[in-house]
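Novice: sharing a model that was predicted from the sequence below.
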Amino acid sequence: MSPRFTTLGAYPTTRMRRNRRSDWSRRLVAETRLSVDDLIWPVFVQDGSGSRTPVGSMPGVDRLSVDLFVEAVKQARDLGIPAIAIFPEVDAARKTSDAREAYNPDNLVCRAIRAAKKAVPGIGIVCDVALDPFNADGHDGIVRDGEILNDESVEVMVRQALVQSEAGCDVLSPSDMMDGRIGAFRKALDRAGHQHVQIMSYAAKYASSFYNPFRDAIGSLGALKGDKKTYQMDPANSDEAMREVGHDIAEGADMVMVKPGLPYLDIVRRVKDAFGVPTYAYQVSGEYAMLRAAADHGWLVWDKVLLETLACFKRAGCDGILTYGAVDAARLLRGK
Ligand SMILES: NCC(=O)CCC(=O)O
């Protein structure tokens, strides 16, 4: 316990409930505050036009063709959401074992970036850099003889990072957990004149069981061979997360992310306390699915659990949260 807590008065002189008695007082003593400025909205995109496909395991979440995605970007702008993260469902015919579609300048992600920036130049566009949506194996890196190759994967992702930056992406978000990728991206970006492109690294990304609905959404669930334990972190580890974050900051990350969110808030707190850098967490698809499913059964109240969980991210030290509930949260926070 820190020293400032040693001066606590005793009951009945001190009554902790006094400050909680009225709404105005609770507002005055609140230690953290959630705002629309804290939200990043992950959105799934698909080919086609005028098409919207519900993601079965994520009630309320749809994959959108680029034209409808642009409408979603406008909606985010109107609600004051600062940034959108793009995730593609790539046609199975374009998935190969060298993931070359990842660095096609006309791929779905690049088209979505260009359309979004043209329609709403002021909104932040965040893009994953990872090969899983483009890889026939469903892995974040290139696979050879059953091994996920590190340096070869980084080379491919550098090409991916460059086409995304060329298309107008504001924040590159490497989600692959290969070693050395942040430094490689920074160097390549600077050399290509993209000094202003920010890097939000998935610095402490765990090999979690909470990602299944996301893989359903991007169509990689069936493709994935094996698991991701040789590159994503063991949920048992915390010191290792600190080393991961330290390396990414040293290599040039502007912001760091912990993923998943709620079960990993202890990691968020450690990262924020130790490094003090802009720190984010991803309330991932499995977390969203759990809350939504319970709410759809009437066992939880969606609006309340959404705002409560997001406030908990803030309390743990997050500067912002990636959440599929961003639009609902923004509406609630703005009273719309
Ligand atoms: N690279 C992005 C993800 O893996 C998202 C996971 C999720 O929402 O479950």
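Specialist: Cool, the structure landed. Residues are numbered from 1 along each chain as shown.

Novice: quick check, residue 312 in a helix?
Specialist: Yes - counting by DSSP: H, G, I helix; E, B strand; the rest coil, residue 312 is part of a helix.

Novice: for it, which residues are in contact?
Specialist: 262, 265 (C-beta atoms under 8 Å, 6 or more residues apart in numbering). Backbone N, C-alpha and C define where each C-beta goes, glycine included.

Novice: tell me the pLDDT at it?
Specialist: Model confidence at residue 312, given as pLDDT, is 98.

Novice: can we start the residue count at 46 from this point?
Specialist: Sure, I'll start counting at 46 from here, so that last one is residue 357.

Novice: so how far is the host helix or strand of residue 354 from its chain's centroid?
Specialist: Per DSSP states H and E, residue 354 falls inside helix 347-361. Put simply, helix 347-361 sits 16 Å off its chain's centre (C-alpha atoms, centre = their mean, to the nearest Å).

Novice: buried sites along it?
Specialist: Using 16 or more other C-beta atoms under 10 Å as the burial criterion, the residues of helix 347-361 that qualify are 347, 350-352, 354-359, 361.

Novice: need the next SSE after that helix, C-terminal direction.
Specialist: Following helix 347-361 in sequence, per DSSP H and E, is strand 365-368.

Novice: give the other helices and strands that that next one contacts.
Specialist: Applying 3 or more C-beta pairs under 8 Å, 6 or more residues apart in numbering; DSSP states H and E, one finds that strand 365-368 contacts strand 84-91, strand 324-328, helix 347-361.

Novice: so where do the helices sit in the protein?
Specialist: 68-74, 111-124, 153-164, 196-212, 226-236, 257-263, 284-296, 310-320, 330-341, 347-361, 371-379 (DSSP state H).

Novice: among the helices and strands packed on strand 365-368, which comes closest to residue 100?
Specialist: Evaluated over these, closeness to residue 100 peaks at strand 84-91, with 6.7 Å, by C-beta to C-beta.

Novice: what helices and strands are in contact with the closest one?
Specialist: strand 107-110, helix 111-124, strand 128-133, helix 153-164, strand 365-368, helix 371-379.

Novice: and it, average pLDDT?
Specialist: 98.

Novice: let me know the pLDDT of residue 52.
Specialist: In this model, residue 52 carries a pLDDT of 68.

Novice: for residue 179, that is, sorry about that
Specialist: 95.

Novice: residues in the protein within reach of the ligand, list them.
Specialist: Proximity of the chain to the ligand, by C-beta under 6 Å from any ligand atom, involves residues 173, 175, 220, 255-256, 259, 329-331.

Novice: list just the nearest of those residues to residue 376.
Specialist: residue 330 (20.7 Å).

Novice: so that closest one sits against residue 102, correct?
Specialist: Yes - with contacts counted by C-beta atoms under 8 Å, residue 330 reaches residue 102, the gap being 7.4 Å.

Novice: distance from the worst-scoring helix or strand of the chain on mean pLDDT to the middle of the chain?
Specialist: Lowest by mean pLDDT, DSSP states H and E among the helices and strands of the chain is helix 257-263, with a mean of 92. Centroid displacement of helix 257-263 relative to its chain, using C-alpha atoms, centre = their mean, is 14 Å.

Novice: so where's the stretch 96-245 of the chain uncertain?
Specialist: Under the criterion pLDDT under 70, no range of the stretch 96-245 of the chain is flagged.

Novice: overlap in contacts, residue 330 and residue 102.
Specialist: Joint contacts of residue 330 and residue 102 (C-beta under 8 Å, 6+ apart) are 257-258, 261-262.

Novice: now the terminal residues of stretch 366-373, how far apart.
Specialist: One end of stretch 366-373 to the other measures 14 Å (C-alpha to C-alpha, to the nearest Å).

Novice: over to stretch 118-133?
Specialist: 15 Å.

Novice: returning to that earlier point: how about JSON lines for the helices and strands packed on strand 84-91, with distance to residue 232 and mean neighbour count added?
Specialist: Shown next, in JSON lines, are the helices and strands packed on strand 84-91 (distance: least, C-beta to C-beta, whole Å; neighbours: other C-beta atoms under 10 Å):
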{"stretch": "strand 107-110", "distance to residue 232": "34", "mean neighbour count": "20"}
{"stretch": "helix 111-124", "distance to residue 232": "30", "mean neighbour count": "18"}
{"stretch": "strand 128-133", "distance to residue 232": "24", "mean neighbour count": "23"}
{"stretch": "helix 153-164", "distance to residue 232": "21", "mean neighbour count": "21"}
{"stretch": "strand 365-368", "distance to residue 232": "26", "mean neighbour count": "24"}
{"stretch": "helix 371-379", "distance to residue 232": "32", "mean neighbour count": "19"}
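
Novice: which one of the shared contacts of residue 330 and residue 102 sits closest to the ligand?
Specialist: residue 258 (6.3 Å; C-beta to the nearest ligand atom).

Novice: before we move on, the earlier item: what's the angle from the helix holding residue 354 to helix 310-320?
Specialist: Helix 347-361 runs at 30 degrees relative to helix 310-320, counting by axes from the mean of the first three to the mean of the last three C-alpha atoms, to 10 degrees.

Novice: just the angle for helix 347-361 relative to helix 330-341, thanks.
Specialist: 140 degrees.

Novice: how big is the angle separating helix 347-361 from strand 324-328?
Specialist: Interaxial angle of helix 347-361 relative to strand 324-328 (the same axes, to 10 degrees): 150 degrees.
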